[in-house]
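Trainee: fold the following.
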Amino acid sequence: MKVANQHETSESPAAPEPLAAVAETAGERLRAQTNEDADATRRASEVFMSATMAAMNAGYSLREITAAEERGKNEVRSQQRGETLKSVDRAARQLRDAEGTYRAVIARAVRLGLSTREIAQAAHVTHGTIRAIAHRLAPQKTPTLAPDEATSESKADESSG
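Mentor: Sure, this is the predicted structure:
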């Protein structure tokens, strides 16, 4: 009497082919890593390792297993490429807008006559950074320094001369 193979019966679902399982679990692991979900990454890594071991036990070569892993990762990349690149574009646009606002606010503070040290402290950068930004924004004329900076710079010039 012949015992029915699991793959031949219509009653029980067929187990996934070992290389297909490797590809699928590699994709799930990449998805979890991409989402920076540590728990999901750990679980997906464990499932991936099980699928890899099953494929090795089924007699598949390491070359076939790594090719299946790469197929799984490439599938996830192709699925998520469009939306991810749109997100990058959106974030880059927001960054450019924010940088423009940042420069405009610094220029306003310089035009108001606030010291570069005060502005730098509020912006959490060095006063040299503020001076450089102000210089780039107004290359035709040097920004007016606040009285405390003009005095300290002239003293520094006198002492170094």
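
Trainee: what's in contact with stretch 76-85?
Mentor: 27, 30-31, 34 (CB atoms under 8 Å, 6 or more residues apart in numbering). In short, each C-beta sits where N, CA and C put it, glycine included.

Trainee: average pLDDT for it, rounded please.
Mentor: The average pLDDT within stretch 76-85 is 96.

Trainee: and stretch 39-51, by the same measure?
Mentor: Stretch 39-51 shows a mean pLDDT of 96 in the predicted model.

Trainee: and that stretch, how far out from the chain's middle?
Mentor: Distance of stretch 39-51 from the chain centroid (CA atoms, centre = their mean, to the nearest Å) equals 22 Å.

Trainee: tell me the gap between the strand or helix carrying residue 87 and the middle of its chain.
Mentor: Under the criterion of DSSP states H and E, residue 87 resides in helix 62-112. What separates the centre of helix 62-112 from the centre of its chain is 7 Å, taken as CA atoms, centre = their mean.

Trainee: before we move on, what about stretch 38-53?
Mentor: 23 Å.

Trainee: could you list the buried residues of it?
Mentor: By 16 or more other CB atoms under 10 Å, the buried positions in stretch 38-53 come out as 41, 44-45, 47-48, 51-52.

Trainee: now the helix or strand following the helix holding residue 87: mean pLDDT?
Mentor: Next along the chain after helix 62-112, taking DSSP H and E as the criterion, comes helix 116-123. In this model, helix 116-123 has a mean pLDDT of 94.

Trainee: re the thing from before, I'd like the contacts of stretch 76-85 as a markdown table, with pLDDT, neighbour count and distance to residue 72 appended.
Mentor: Putting the contacts of stretch 76-85 into a markdown table (pLDDT from 0 to 100; neighbours: other CB atoms under 10 Å; distance: CB to CB, whole Å) gives the following:
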| residue | pLDDT | neighbour count | distance to residue 72 |
| --- | --- | --- | --- |
| 27 | 97 | 21 | 4 |
| 30 | 96 | 21 | 7 |
| 31 | 96 | 18 | 10 |
| 34 | 94 | 13 | 13 |
